[in-house]
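Trainee: here is my input; please provide its structure:
(chains A and B)
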2 protein chains.
Amino acid sequence: MLKCLGLSSGRKLVRVLEHPFCAKQCQMLANEKTARVIDGKSIAEEIRSAIAGEVRRMKECIGKIPGLAVILVGQRRDSQTYVRNKTRACEEAGIKSVMAELPDNCTEDEICNALSSFNKDPSVHGIIVQLPLPQHLDEGKIFNVLSLEKDVDGFHPLNMGNLAMRGRESLFIPCTPKGCIELLIRSGVEIMGKNAVVIGRSNIVGLPASLLLQRHHATVSIVHAFTKNPERITREADIVVTAAGVPNLVRGNWLKPGAVVIDVGTCPVEDPSCEHGYSLKGDVCYEEAIRVAAAITPVPGGVGPMTIAMLLSNTLDSAKRTYNFT
Amino acid sequence: MLKCLGLSSGRKLVRVLEHPFCAKQCQMLANEKTARVIDGKSIAEEIRSAIAGEVRRMKECIGKIPGLAVILVGQRRDSQTYVRNKTRACEEAGIKSVMAELPDNCTEDEICNALSSFNKDPSVHGIIVQLPLPQHLDEGKIFNVLSLEKDVDGFHPLNMGNLAMRGRESLFIPCTPKGCIELLIRSGVEIMGKNAVVIGRSNIVGLPASLLLQRHHATVSIVHAFTKNPERITREADIVVTAAGVPNLVRGNWLKPGAVVIDVGTCPVEDPSCEHGYSLKGDVCYEEAIRVAAAITPVPGGVGPMTIAMLLSNTLDSAKRTYNFT
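Mentor: Residues are numbered from 1 along each chain as shown, chains lettered A, B, ... in the order given. Here you go, the predicted structure:
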């Protein structure tokens, strides 16, 4: 049902073809109730405004502000957009941001040198390396250089181990899964004792989301490409967090009535009606899901804005820890 | 149905009371087929014999043997037994073992000093701190001192993070879950694409077992004390790994017919017919499970012997890595 098209940015653009069952089922469900939409944009704005207040208070009290350093490698248009959004958000919150831009064909050593210099810079409290990196670069080696105390993306394996182990605390929780949990909590969704399914097991979203949900005492099942009958497992879930990057993967009949759905997927899909010829689609067939779920995040405007808010939050926390400011 | 009794060793002894449903169901199922018993003792012996062969080859080729250091704190009888079994197994395999025994009331610094000295000792390739430690000691702080290259129990959070993350490799896989996977593989049980349930989420067994099963591409659900309807989730599993430490928790009607059951539980249960007044019981109601499952590990004689075999295997691997011996 899906067709991938190459994009100059390197990212795949997906064409979503006609979905006859989808249309039929939507019609059948037309008169049924509609899920509450979890407004990530407005929740993220609230959080960013609170962070801006904290940054002002910090500046007034100790004359310091948090600083974020961004390493951007290559010319991917999507990465450039993400980075621009992050630095703009910093600016709005009063957080200093600095950037190192490196060419597509740079070496691991050049990235590590940039990292080392940010590691040493006392005005930098958080460092992110915008992913994905060009294929010739070894992510693992590069992240090993990143100072644990500045790993505001929470991608270092020691951070992940501390997130996984009971009785330990990671310095930083990865931004996207942290945003998902924050959306659940701020929407009044109880997590403890609930069945949760995480679809996808990337290091950046699926894995830490499953670990975080367990920390909140959910019973977690992790669904991935090798799972047989993913719909059957998903249908048992009170909470579904999906981060597969496959538009329309999760159909209405995958969901238990009353489930809460957090859609992390953001895939550019061909859409001639949009200005740039494409629009962003989540993993969930929204039109179907909205008639089965109790609550759902839209795409865009759901998890996306929360990721940036959590990045600012982690950077602020890091600066507070550095200056012992509470 | 269970009653806990204190033991001088500090470990709980559990009395298992009469289980009317258990008896009735067993009678009903009396004529049905019986699961294959996965003989952990004999598989572990095979592995230990192969390790002994490798140790001899190493000695002949480079004049070195692997060395294991054990830190034992306090007088717990069960810990003393476990440590004795480990050092005996080392001896049989030709692995050198050294031990530091510290009193119940020792300080964290004393343990860290012992650790540091083993960290520096080039004839020691693996170090284990026998758990549990007395309550006044902070396990986390102590494990932070342990050299990653000698963490043959695989309990360091960096090892755990590397085990969790795709594209990364941990230096050591924790012994008990490694033993569980080895039992599955050597019994010809396919893991990829299967539904697996892990009961219990301890840092030592449940967590790494769930991460390892995911590495082998199983669809994993983690059941714990907050799980509602654990029997319903467990009944969906093709593979059940249970490490709850609650005798008879997993009943026959918790299992899908044809499931493979790995029982990590070993709880001392009052048993006047035994020499010491108690016997070891697993988490699984064995008499019921054996008539539903396709294969099952007994307790004792299932996972237990594998844990020690995997400890020897990790110690040998560490020595091979140190001397670059293949």
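Trainee: before we move on, what SS does residue A:128 have?
Mentor: In the three-state summary, residue A:128 is assigned as strand, counting by DSSP: H, G, I helix; E, B strand; the rest coil.
Trainee: who are the contact partners of it?
Mentor: Residues counted as contacts of residue A:128 (CB atoms under 8 Å, 6 or more residues apart in numbering or on different chains) are A:68-71, A:86, A:152-153, A:311. Where you see a C-beta, it was placed from the backbone N, CA and C, and this is true even at glycine.
Trainee: 7 Å instead, please
Mentor: Residue A:128 sits next to A:70, A:152-153 when contact means CB atoms under 7 Å, 6 or more residues apart in numbering or on different chains.
Trainee: could you list the low-pLDDT ranges of chain A?
Mentor: Within chain A, the stretches falling below the threshold (pLDDT under 70) are A:1-32.
Trainee: what's the spacing between the most centrally placed residue in it and chain B?
Mentor: Here the mean C-alpha position of chain A is nearest to the C-alpha of residue A:176 (CA atoms, centre = their mean), at a distance of 2.7 Å. Taken as CB to the nearest CB, to the nearest Å, the spacing of residue A:176 relative to chain B amounts to 15 Å.
Trainee: and what of residue A:281?
Mentor: Going from residue A:281 to chain B by CB to the nearest CB gives 24 Å.
Trainee: what bridges to the spatially closest residue to residue A:298 that is not a sequence neighbour?
Mentor: If the residues on either side of it in the chain are set aside, residue A:298 comes closest to residue A:37, at 5.8 Å by CB to CB, 6 or more residues apart in numbering or on different chains. Beta-bridge partners for residue A:37, by DSSP bridges, are residue A:296.
Trainee: pull the number of nearby residues for residue A:37.
Mentor: When neighbours are counted by other CB atoms under 10 Å in any protein chain shown, residue A:37 registers 15.
Trainee: pretty sure it is touching residue A:299, no?
Mentor: No - taking contact to mean CB atoms under 7 Å, the distance of 11.2 Å between residue A:37 and residue A:299 leaves them out of contact.
Trainee: shared neighbours, these two?
Mentor: Residues touching both residue A:37 and residue A:299 by CB under 7 Å, 6+ apart: none at all.
Trainee: ranges for the strands of the stretch 101-250 of chain A?
Mentor: Along the stretch 101-250 of chain A, the stretches classed as strands by DSSP state E, counting those that start in this stretch are A:126-129, A:195-199, A:219-223, A:239-242.
Trainee: which one of these lies closest to residue B:194?
Mentor: Between residue B:194 and the strands of the stretch 101-250 of chain A, the tightest spacing by CB to CB is seen for strand A:219-223, at 13.0 Å.
Trainee: quick one, the closest one and strand B:195-199 angle?
Mentor: When axes from the mean of the first three to the mean of the last three CA atoms, to 10 degrees is applied, the directions of strand A:219-223 and strand B:195-199 differ by 150 degrees.
Trainee: with distance to residue A:251 added, can I get the strands of the stretch 101-250 of chain A in a markdown table?
Mentor: Supplementary listing: these in a markdown table, determined by distance: least, CB to CB, whole Å:
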| stretch | distance to residue A:251 |
| --- | --- |
| strand A:126-129 | 34 |
| strand A:195-199 | 12 |
| strand A:219-223 | 14 |
| strand A:239-242 | 11 |
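Trainee: out of the ones you listed, flag the one nearest residue B:210.
Mentor: Each of these was checked against residue B:210 via CB to CB, and the shortest separation belongs to strand A:219-223, namely 8.5 Å.
Trainee: packing partners of that closest one?
Mentor: The contact analysis (3 or more CB pairs under 7 Å, 6 or more residues apart in numbering or on different chains; DSSP states H and E) places strand A:219-223 against strand A:195-199, helix A:206-215, helix A:230-234, strand B:219-223.
Trainee: return the last one as CSV; C-alpha atoms alone will do.
Mentor: Extracted in CSV, the C-alpha atoms of strand B:219-223 (Å, rounded to 0.1, in the frame of the first residue of the first chain):
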residue,chain,number,x,y,z
THR,B,219,8.3,-10.0,20.8
VAL,B,220,8.7,-9.5,24.5
SER,B,221,6.2,-8.6,27.3
ILE,B,222,7.4,-7.9,30.8
VAL,B,223,5.1,-9.0,33.6
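Trainee: around chain B, which positions in chain A sit nearby?
Mentor: If contact is defined as CB under 7 Å from any CB of the partner chain, the residues of chain A in contact with chain B are A:140, A:157-158, A:160-162, A:164-168, A:192-193, A:201, A:203, A:207, A:214, A:217, A:219-223, A:226-228, A:233.
Trainee: at 8 Å instead, please
Mentor: Proximity of chain A to chain B (CB under 8 Å from any CB of the partner chain) is limited to residues A:139-140, A:156-162, A:164-168, A:192-193, A:195, A:201-203, A:207, A:211, A:214, A:217-224, A:226-228, A:230, A:233, A:236.
Trainee: list buried residues within these.
Mentor: A residue is treated as buried here by neighbour count (16 or more other CB atoms under 10 Å in any protein chain shown); on that basis the buried members of these are A:139, A:156-162, A:164-165, A:168, A:195, A:201-203, A:207, A:211, A:214, A:217-224, A:226-227, A:230, A:233, A:236.
Trainee: helices or strands up against the helix or strand harbouring residue A:60?
Mentor: In this assignment (DSSP states H and E), residue A:60 forms part of helix A:40-62. Under the contact criterion of 3 or more CB pairs under 8 Å, 6 or more residues apart in numbering or on different chains; DSSP states H and E, helix A:40-62 touches helix A:77-93, helix A:175-186, helix A:303-323.
Trainee: next one: it to chain centre, how far?
Mentor: Averaged C-alpha coordinates place helix A:40-62 at 20 Å from its chain's average position (CA atoms, centre = their mean, to the nearest Å).
Trainee: contacts for that helix next, please.
Mentor: Around helix A:40-62, the neighbours that count as contacts under CB under 8 Å, 6+ apart are A:64-66, A:89, A:92-95, A:179, A:182-183, A:186, A:297-298, A:301-306, A:308-309, A:312-313, A:316, A:319-320, A:323, A:325.
Trainee: if you set the cut-off to 7 Å instead, what comes out?
Mentor: By CB under 7 Å, 6+ apart, helix A:40-62 touches A:64-66, A:89, A:92-95, A:183, A:186, A:297, A:301-306, A:308-309, A:312-313, A:316, A:319, A:323, A:325.
Trainee: direction included, what does the helix or strand that comes right after it pair against?
Mentor: Taking DSSP H and E as the definition, the helix or strand that follows helix A:40-62 towards the C-terminus is strand A:67-73. Based on DSSP bridges, the pairing partners of strand A:67-73 within the sheet are strand A:96-102 (parallel), strand A:126-129 (parallel).
Trainee: now stretch A:299-307: how far from the chain's centre is it?
Mentor: For stretch A:299-307, the separation from the chain centroid amounts to 8 Å (computed by CA atoms, centre = their mean).
Trainee: can you measure across that stretch, start residue to end residue?
Mentor: For stretch A:299-307, the first and last residues are 13 Å from each other (CA to CA, to the nearest Å).
Trainee: contacts for it?
Mentor: Contacts to stretch A:299-307, defined as CB under 7 Å, 6+ apart, come from residues A:38, A:40-41, A:43-44, A:175-176, A:179-180, A:182-183, A:262-266, A:280-282, A:297.
Trainee: pull out the buried members of the residues you listed.
Mentor: Of all those considered here, the ones buried according to neighbour count by 16+ other CB under 10 Å are A:38, A:40, A:43-44, A:175-176, A:179-180, A:182-183, A:262-266, A:280-282, A:297.
Trainee: from what I see, residue A:163 and residue A:170 are in contact.
Mentor: Yes - between residue A:163 and residue A:170 a contact is recorded at 4.2 Å, counting by CB under 7 Å.
Trainee: didn't residue A:97 look like it was pressed against residue A:90?
Mentor: Yes - here residue A:97 reaches residue A:90: they are 4.0 Å apart, a contact under CB under 7 Å.
Trainee: who touches both of the two?
Mentor: By the contact definition CB under 7 Å, 6+ apart, residue A:97 and residue A:90 are jointly contacted by residue A:68.
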